[in-house]
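[1] Structure of the sequence below:
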Amino acid sequence: MKEERRPSVLVVDDVGANLELMEAIFHRAGYDVHMALSAEPALEFCSIYPIDIAILDVMMPGTNGFELCKKLKSLTDKYFFPVILLTALNDKKNRITGIESGADDFISKPFDVLELLTKVRSLLKLKELHEELDHSENVIFSLIAAMESRDLYTKGHSTRVGDLAKEFGSFLGFPDKDAAMLKKAGLLHDIGKIGLSEKILSKPGILTEEEKEIIKKHPLIGENICRPLQSLHGILPAVRAHHERWDGSGFPDALAGSDIPLIARILAIIDSYDAMVSIRPYRDSRTTESALFVMERELHEGQWDPELAGLFLQMMSSAVFAGNRLA
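    I've put the predicted structure just below:
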């Protein structure tokens with residue numbers, strides 16, 4: 001049986017005696033310990049060893065704990081990396097500075113050993129939960145890749161919708177977090193199709209009424225696939241409602257107008273655009289210019305939120321996007 005890796009702690013303090021004390025505490029508690037007297041070797045340790053958590057003294061010459069915390073967080077921005085700041089500065093201003101630097105918790109000097117170990121264990125448990133969540137999301141993203149690989153006509157569709165949805169979110173002035181959520185929604189909006197017959201999805205001719213009803217089930221299947229993950233709850237309205245229409249004639253709930261969740265109204269526009277510029281079994285692809293012309297012509301015919309669709313056309317017709325897309 002493979003031996004389980006012990007948690008690894010990085011302690012950074014410019015006072016050697018403090019490092020020795022921390023080393024003894026964490027060794028007794030069953031952790032691997034890496035020690036650094038300044039920011040430079042600390043950053044080097046993080047590039048070499050699998051560090052799980054960092055404890056940083058705030059008051060250090062050169063790069064202080066606040067600045068080092070920012071650097072460590074930027075190096076590990078793709079996953080949760082807990083940082084505890086160790087400080088004798090207990091005023092509100094320094095606490096706020098610590099929070100702004102990305103610190104996850106604070107320990108006041110002189111510290112209580114039990115409090116320190118309790119906070120470390122708590123943050124490591126939170127890190128473990130984040131890693132389990134990332135793994136679960138990656139499984140679902142892999143399902144999307146597997147689904148699209150079955151069909152030449154839809155390969156890359158979800159990735160393109162996700163990327164363009166994020167760009168549109170940024171164009172609309174959404175915060176980075178919300179724009180990233182739009183990308184995730186775009187990536188997963190068609191996940192429910194994995195539960196449908198490949199024969200129906202790739203049928204070159206006109207679908208029967210029965211086949212159309214089967215296709216209409218994919219938003220509900222997708223919602224059920226994504227619902228168990230708490231991190232995907234924000235995109236559930238997009239997965240369920242991206243085929244709703246502004247005039248109320250969409251599916252699965254026949255929602256109309258502003259009753260359709262905003263994230264779903266955005267996805268519906270992006271999804272339609274990418275479908276138009278992609279090859280399908282029943283038709284060739286349109287050019288970007290042709291697709292935008294069709295969308296402008298049909299702007300007020302009831303499929304999309306006309307205000308959002310107008311803004312999408314404005315973005316796609318802008319100089320930046322014209323240079324990238326209207327080749």
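[2] Pop the domain breakdown of the protein in here.
    8-129, 150-322 (automatic domain parsing).
[3] and the ones you listed as CSV, adding distance to Ile140, mean neighbour count and mean pLDDT?
    C-beta coordinates here come from the backbone N, C-alpha and C atoms, glycine included. Below are these laid out as CSV (distance: least, Cβ to Cβ, whole Å; neighbours: other Cβ atoms under 10 Å; pLDDT from 0 to 100):
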stretch, distance to Ile140, mean neighbour count, mean pLDDT
domain 8-129, 17, 17, 89
domain 150-322, 7, 17, 87
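[4] JSON lines for these, including distance to Ile144?
    Formatted as JSON lines, the domains of the chain follow (distance: least, Cβ to Cβ, whole Å):
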{"stretch": "domain 8-129", "distance to Ile144": "19"}
{"stretch": "domain 150-322", "distance to Ile144": "5"}
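[5] roughly how far apart are the nearest residue to Gly186 once chain neighbours are set aside and Ile266?
    Distance criterion Cβ to Cβ, 6 or more residues apart in numbering; nearest residue to Gly186, sequence neighbours excluded, is Gly162 at 3.3 Å. Per Cβ to Cβ, to the nearest Å, Gly162 is found 12 Å from Ile266.
[6] any shared contact partners between those two?
    The contact sets of Gly162 and Ile266 overlap at Leu182 (Cβ atoms under 8 Å, 6 or more residues apart in numbering).
[7] name the element the closest residue to His27 other than its chain neighbours belongs to?
    Spatial nearest neighbour of His27, chain neighbours left out: Val33 (6.1 Å); criterion: Cβ to Cβ, 6+ apart. Per DSSP states H and E: Val33 is located in strand 32-36.
[8] Mind giving me the packing neighbours of the helix or strand in which Arg265 is found?
    In the assignment (DSSP H and E), Arg265 maps to helix 262-276. Under the contact criterion of 3 or more Cβ pairs under 8 Å, 6 or more residues apart in numbering; DSSP states H and E, helix 262-276 touches helix 157-171, helix 176-188, helix 236-241, helix 288-297, helix 306-317.
[9] Was I right to think Asn18 contacts Asp57?
    Yes - judged on Cβ atoms under 8 Å, Asn18 makes contact with Asp57 at a distance of 7.0 Å.
[10] counting contacts, what elements does the strand holding Val33 pack onto?
    strand 8-12, helix 16-28, helix 39-48.
[11] Could I get the ones you listed in TSV, plus columns for distance to Arg297?
    Below are the helices and strands packed on strand 32-36 laid out as TSV (distance: least, Cβ to Cβ, whole Å):
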stretch	distance to Arg297
strand 8-12	60
helix 16-28	67
helix 39-48	55
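[12] how about these, which one is nearest Gly234?
    Of all the helices and strands packed on strand 32-36, helix 39-48 sits nearest to Gly234, with 30.5 Å by Cβ to Cβ.
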